[in-house]
Structure formats: C-alpha cells, structure tokens
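K.L.:
I would like to see how this sequence folds:
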Amino acid sequence: MVWTVVLILAALAVGWRFGAGVLSAVLAAIWVAGLAGLWHRHAGGRPFMPSDLWVPAVGVAALVLGYTAALGRLRRRSAPLAGEGGGTLVPRAMPAPAEPAADGWEEGRCTLLTQPEREAAPAAAPPAAAPPAAVVAPATSAATPTATPADPDSPLSDDELDRYARHIVLRELGGRGQRRLRQARVLVAGAGALGSPVLLYLAAAGVGRITVADDDTVGLSNLQRQVIFATADVGRPKVEAAAEALARLNPHVGVTPLFRRISEDDAALVGAHDLVIDGTDSFASRRAINAACVAAGVPLLAGSIAQWEGQVALYDPARGGPCLSCLFPQPPAPGLALSCAESGVVGALPGVIGSMLALEAIKQLAGIPDSGAGAGLRGQMLILDGLWGETRRIAVSARPGCEICGGGGAQPGG
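P.N.:
From the prediction side, this is the model:
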C-alpha cells in the first residue's frame, strides 16, 4: 500500500510540473500496472480486497484528466491568434436589440426585404394576430429563425469545441477556420434534392447563419432523394420542415426560412450573405439567382443533377471567374433538358453532388483556397458520371460581352 501512495504522490508532482496531459498518462500507466497486479493475485488464488479499489479510482482519474487536457488543447487551438486576419470574410458586429440591423441581420435572422416586400409587409401586427410558431411566414416576409446562433465574436464554447473537434484538429481548417464558419452567412436557394444534403452538412459544420429559400411543399415522391424530410413532413412547406430539422441538428446555428423563390431583384438580400448556393431545378430560377449574385458581387456555388450525372461550379465574376450566363446564355431547347420528374434521377446522386457543394462551401468560407492549402472551383466545373463512376474537371472562362456580368472575368485557373 505504501508504494501505491508513493507512486500517486510522484504522479501528482509530475502533473503539477508538466500539466494534466502528462499526469493523465502517468496515472494511466499506474492503472495498467495495478490491473496487472490484481490479475496476478487473482491467478494465485488470492481474493480481492477493499484496498484494491484504488485501481479503478486511478483509472477514472486518468480518464477525467485526459478529457480535461484534450478539451484545453482544443480551446487553445481555437483561441484567436494575435494579429490574425485576411481572407474574404469580415466579422460583423451584432446590432443592438432595440435598433434595426444595418446589414440586414438581427439575432440570427435575415431581415432584409426587397422594396415591394417592405410595402407588402404589415407595419405593426398585434401580438394576438401573429401566426403560431409552427406556421411559416407568408412569401412576402422573412420568417422568424428557428434557432439563434452563437455570438460570432465570442470564443467557442465547450459544447462547440466538442462538436467541431474533428474540424479543429485539421491543419487546413483549425480553430481559425471554424470561427470563420461561425461568422459566415449563407443563402441556400432550393430545399430539395441538392438543398437537403447542403443544409444538413452546413449546419453540422457550424455555419453560423443560414437562409433557406423555397416556395414548394414536401411531396411523397420527394422522399426518395430529399433526405432532410420524413414521411410526417408531407404537405408541409419545405423551408419550415428543413429549418426545424437544422435546429434539431445544431442549436448553435441560426436558420431563416423564406417561403418564396429568389428573384433577380433580390440583390440586397443576396448582398447580406457571404455565399449563395443554388440547388434549384429550373433554368429560369438559376438565371435569376445568378443575376442577383452578380449585382451583389457575391459568389454563387451551383449544382445540377439529371438521371446519373451531376455537376458543380463556382461562379464568381467579381473575383476573376465567369458567371452562369457566360456558360449558358440561352435556355436549353424544349425537350433537351428534362426535369427530374420527366427523366428521373437516382436517389443517391443528389447526396453526392450536394455533399460536393457543401464541401466546396466549407473550403470557400474558411478561406482555404485563398490560403493556398487547397483549390476551389472558381473558373472550374466538376462533372460526375455516377453510372460509370467517372469524374472530370474542366476549365471555364468568362464570355466577352456577357449581358449579365459583362464578361470581365479572368481566364480559367484562378
């Protein structure tokens, strides 16, 4: 018993000198030695004694100290570095509750409406006339978010450190990249097949504020590929069901559902975000979203799917890339580009393309391409052939005289 006390005192001295991590390792070694001693005694036919309880006690202490040391290491890695900065994202101070937000955000809610919406929205509705929480606001207003995000300027909480631990240990992302994700504001147009995995992965990754826009309701045929919804959601607005799912997934993320489409007049709304992700399924919607992004100078990450094939591209003429209209100036001829309802789509394909969109969004928001630690898709298009398991990456460039962006983007490869 005396040697046990001596070893524990020695371990405490080592821990006091070198920290909880070393102390945890020493206690773990003592615990293993104790287990070996108990096994040797038991093999010799000697019974266990109450004094042997020190062995599990030391094991528990080693586990607790190891967890504490790991949490402290994550906290240190996520702490802001002196003089850090750069990149394309700029943290915006949270507005005072009593004053309107200058950048269109208030308590995690995107409040920026176009002028016609401002005129259509009621000036002041009595509390009794407000819709119940489970009802999505009409298309002429911005719905109340289902969760309030954490303060983007505050340190990561212990819960966030645990939640994003696998991000923080990545050399290319780390604590700095995770904080950039929390400061980011992303508009996802379309909560269907592509929007489902995009929304789930962005919320899980800790993107601080997400606005989701869609004017459709959940149908039974959607459930084959739109994995964010369940059978019980059939008949509900997609944005309502999606916002509730994201709130359940990550309470640290603010979600603003918009029960309407994004039009080319929404440049102000788009400008309140750092990135737009287009998962819509019609050329008219894509063209309108592209025009709004070009007007606002916000990058557009777009994906599309059909049958067994899909593609992903980043359209960013403000930073040297083409816009969508540079590649597709005219709508496809009738019958040439069929919808998923007409041509079909394998259920797993939007999961693959949607995950690619989410991955590119995380890289873009965290500033990884700008840091040189990885490459983005500006001036590039990634094409997947799911039937044959092949991928291609092709260069795309701005089209001179483009009626949307003017064709001022640089040559591909930027």
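K.L.:
Which strand or helix spans the spatially most central residue of the chain?
P.N.:
When Cα atoms, centre = their mean is applied to the chain, the residue found nearest the centroid is Leu202 (1.8 Å). Leu202 is part of helix 195-205 when elements are defined by DSSP states H and E.
K.L.:
now that helix, how far from the centre of its chain.
P.N.:
Averaging C-alpha positions (Cα atoms, centre = their mean, to the nearest Å) puts helix 195-205 6 Å from its chain's average.
K.L.:
Now do that helix: which elements does it pack against?
P.N.:
Here helix 195-205 is seen to pack against strand 185-189, strand 209-213, helix 238-249, helix 349-366 when contacts are counted using 3 or more Cβ pairs under 8 Å, 6 or more residues apart in numbering; DSSP states H and E. The C-beta positions use only the backbone N, C-alpha and C, and glycine is treated the same way.
K.L.:
Pull out the buried positions in that helix.
P.N.:
Residues 195-203, 205 are the ones in helix 195-205 that count as buried (16 or more other Cβ atoms under 10 Å).
K.L.:
now the angle between helix 238-249 and that helix, please.
P.N.:
Taking axes from the mean of the first three to the mean of the last three Cα atoms, to 10 degrees, helix 195-205 and helix 238-249 form an angle of 30 degrees between their directions.
K.L.:
Can you give me the domain boundaries for the chain?
P.N.:
Listed by automatic domain parsing, the domain ranges of the chain are 2-44+53-77, 136-395.
K.L.:
Let me see the mean pLDDT of the last one.
P.N.:
So the one you mean is domain 136-395. Domain 136-395 carries an average pLDDT of 90.
K.L.:
how about the strands of the chain, start to end?
P.N.:
Taking DSSP state E as the test, the strands found in the chain are 105-106, 109-110, 185-189, 209-213, 254-258, 275-278, 300-306, 309-315, 380-385, 390-395.
K.L.:
May I see the ones you listed organised as JSON lines, with distance to Ser154 and mean neighbour count added?
P.N.:
Written out in JSON lines, the entries for the strands of the chain read as follows (distance: least, Cβ to Cβ, whole Å; neighbours: other Cβ atoms under 10 Å):
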{"stretch": "strand 105-106", "distance to Ser154": "16", "mean neighbour count": "21"}
{"stretch": "strand 109-110", "distance to Ser154": "19", "mean neighbour count": "24"}
{"stretch": "strand 185-189", "distance to Ser154": "17", "mean neighbour count": "28"}
{"stretch": "strand 209-213", "distance to Ser154": "15", "mean neighbour count": "28"}
{"stretch": "strand 254-258", "distance to Ser154": "14", "mean neighbour count": "27"}
{"stretch": "strand 275-278", "distance to Ser154": "22", "mean neighbour count": "27"}
{"stretch": "strand 300-306", "distance to Ser154": "28", "mean neighbour count": "24"}
{"stretch": "strand 309-315", "distance to Ser154": "30", "mean neighbour count": "24"}
{"stretch": "strand 380-385", "distance to Ser154": "36", "mean neighbour count": "17"}
{"stretch": "strand 390-395", "distance to Ser154": "39", "mean neighbour count": "10"}
